[in-house]
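Trainee: got a structure for you, letters missing:
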């Protein structure tokens, strides 16, 4: 029997009768920052009251604000997927979804996607094809062209700004070194490579001068892509602008890295080649390996954070630790290429 203790409002929302629409077989997915309830034809996402420094959902007002940001920002690529801000209220002796009592929590409601078309599942079934990547690229090229890229955003492309994110990852994970997921030798190789690349300020300035620092997605991997018609690229970073204001190369590298991670190196190369061809952004190639290393390290960090969450069961914890190991190995590979 699981000894995981969930918030009372989440226990309430796991009951099918809690919803104003048919919701048989309610199921829940957890991340290090969210509870996600799949209920009928809707998905309800609730932010955990956590503060990781780079992310602060510690108060109800902050969680409401970031729910509003999540709706607004994700409607750029998925205007019909992100529906509305929702609440759980305390009504009488219990809870109510969108009730009239005191607000206990804020969340967002999304339309439910076809889970069989999630990119991760398609890939696991051996059915991912170049045509799927073409559809993704056809959405991304105009998205980046139209994304904001003014002076306030451009400054996040400077080497010293990128270094804040990269070095923060190392600081936040050093306590995990030699704890089963990453060795001291791996850690030092990755740190050394990253710092050396960050020393080439001219590489970063060229990207700024080329207008390639944009208000991007920030979390573009297969877990956030549904290969339906239309393709949905969802769940962008809403909680910290410095993770979203970035080089287009960092976004492209994220998905390319994820394809590498899942043993799809040929499709990874195809994705990059076709994106460069259709966008005309050849300068991206010189930044790709660095950002791949950064992105896989981020995924390792998130896996470790999730494994450390006391609300996560033992099976999820073990899975996350194994994922972290694989991501650290991939980061080491990029660092020594």
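Mentor: Sure, I can see it. These numbers were taken from a predicted model, which means no experiment stands behind them.
Trainee: The stretch 1-150 of the chain: helices as residue ranges?
Mentor: For the stretch 1-150 of the chain, the helices identified by DSSP state H, counting those that start in this stretch occupy 8-13, 60-74, 119-124, 130-146, in order along the chain.
Trainee: would you turn those helices into a markdown table with mean neighbour count?
Mentor: Yep, even glycine has a C-beta here, placed from its N, CA and C like the rest. Shown next, in a markdown table, are the helices of the stretch 1-150 of the chain (neighbours: other C-beta atoms under 10 Å):
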| stretch | mean neighbour count |
| --- | --- |
| helix 8-13 | 18 |
| helix 60-74 | 17 |
| helix 119-124 | 18 |
| helix 130-146 | 16 |
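Trainee: May I see these arranged in TSV, with mean pLDDT and distance to residue 85 as well?
Mentor: Compiled in TSV, those are given as follows (pLDDT from 0 to 100; distance: least, C-beta to C-beta, whole Å):
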stretch	mean pLDDT	distance to residue 85
helix 8-13	97	16
helix 60-74	98	6
helix 119-124	97	27
helix 130-146	98	24
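Trainee: Figure out which of these is closest to residue 187.
Mentor: Shortest distance between residue 187 and these, using C-beta to C-beta, is found for helix 119-124: 27.5 Å.
Trainee: hang on, the earlier thing: and the helices of the stretch 1-150 of the chain as JSON lines, adding distance to residue 22?
Mentor: As requested, the helices of the stretch 1-150 of the chain are arranged in JSON lines below (distance: least, C-beta to C-beta, whole Å):
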{"stretch": "helix 8-13", "distance to residue 22": "15"}
{"stretch": "helix 60-74", "distance to residue 22": "24"}
{"stretch": "helix 119-124", "distance to residue 22": "24"}
{"stretch": "helix 130-146", "distance to residue 22": "31"}
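Trainee: Any regions of the stretch 1-150 of the chain where pLDDT drops low?
Mentor: Applying pLDDT under 70 to the stretch 1-150 of the chain flags residues 1-4.
Trainee: Surely residue 191 touches residue 170?
Mentor: Yes. In this structure, residue 191 sits in contact with residue 170. The criterion is C-beta atoms under 8 Å, and the distance is 5.5 Å.
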